[in-house]
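Visitor: return a 3D structure for these sequence lines:
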Amino acid sequence: MAIDTREKILQVAARLFVRQGYTATSVNRIARETGIGKATVYHHFPDKRSIVTALLERNSGRLRGILTDVKTGQDPRRQIESIALAAVRMRSETFDLFQVIRREVPDSRPALHAQLASFLAVYMGQVTKAVGEGVRRKIFRPVDSAQAARALLAMITGLYVQMYLGAGSFPNPEKTLRSMLDIFFRGIEIR
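Guide: From the prediction side, this is the model:
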């Protein structure tokens, strides 16, 4: 299936923004790397800033789609694993781009914060629901499902902070997440 022109522009722009920065990336360069004319870029996007907006919207839509596609009938443990892994994968894919946008695109923080708030609302709802279902089905011990969701979010956020402090070079975040999920599900006490 061929990638449509708009999506190809977004892919190339994201790659260029990460590689050389938002400020140093021109619409000319995006057009050249995409293999189209500058006018075609402007046909899809009125300016470079609108490309950033489209990248943020695309990411937000993908993330919401991934989180809402988690099957509510499946095992609550698998639901939580799916949600957490999807969040870490998306964050790993977009980490560098978000850092560039945050640093270089004027007035981008409200959009980034709105995207994060939207993700957190869906995430908290999904994990809270899965934990509640696990408690109801006696898979998990009786806990406050919203507090359990917050605890897992704190663990995942800590992983993001480690990735950020490590300049994005965090080794194998999925493996680390799987270990964190094991601790989340089992605790650390010997029973």
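Visitor: only C-alpha atoms for contact and neighbour calcs from this point on.
Guide: OK.
Visitor: skipping its backbone neighbours, what lies nearest V127 in space?
Guide: Once its chain neighbours are removed from consideration, V127 has its nearest residue in A149; the separation is 5.5 Å (CA to CA, 6 or more residues apart in numbering).
Visitor: can you pull the contacts of that neighbour?
Guide: Going by CA atoms under 8 Å, 6 or more residues apart in numbering, A149 touches 124, 127-128, 131.
Visitor: per-residue pLDDT, L85?
Guide: What the model reports as pLDDT for L85 is 84.
Visitor: neighbours of it, how many?
Guide: L85 is flanked by 19 other residues according to other CA atoms under 10 Å.
Visitor: residues in contact with it?
Guide: With contacts taken as CA under 8 Å, 6+ apart, L85 has the following neighbours: 174, 177.
Visitor: quick check: the gap between the residue of the chain most remote from its centre and L152.
Guide: Of all residues in the chain, R191 has its C-alpha farthest from the mean position, at 35.3 Å, by CA atoms, centre = their mean. The span separating R191 from L152 equals 21 Å under the rule CA to CA, to the nearest Å.
Visitor: now swap in G125 and tell me
Guide: If you measure G125 against L152 using CA to CA, the figure is 13 Å.
Visitor: thought I156 was touching S179?
Guide: No - the pair I156 / S179 is not scored as a contact, 11.4 Å apart, by CA atoms under 8 Å.
Visitor: more crowded one of G125 and L152?
Guide: For the pair G125 and L152, the greater number of neighbours falls to L152 (20 against 15), based on other CA under 10 Å.
Visitor: higher neighbour count, I156 and S179?
Guide: Legend: neighbour count by other CA under 10 Å for I156 and S179, higher for I156 (21 against 11).
Visitor: so the more buried one, which state does it fall into?
Guide: helix (DSSP: H, G, I helix; E, B strand; the rest coil).
Visitor: can you list the buried residues in stretch 94-106?
Guide: Neighbour counts using 16 or more other CA atoms under 10 Å place 94-102, 105 of stretch 94-106 among the buried residues.
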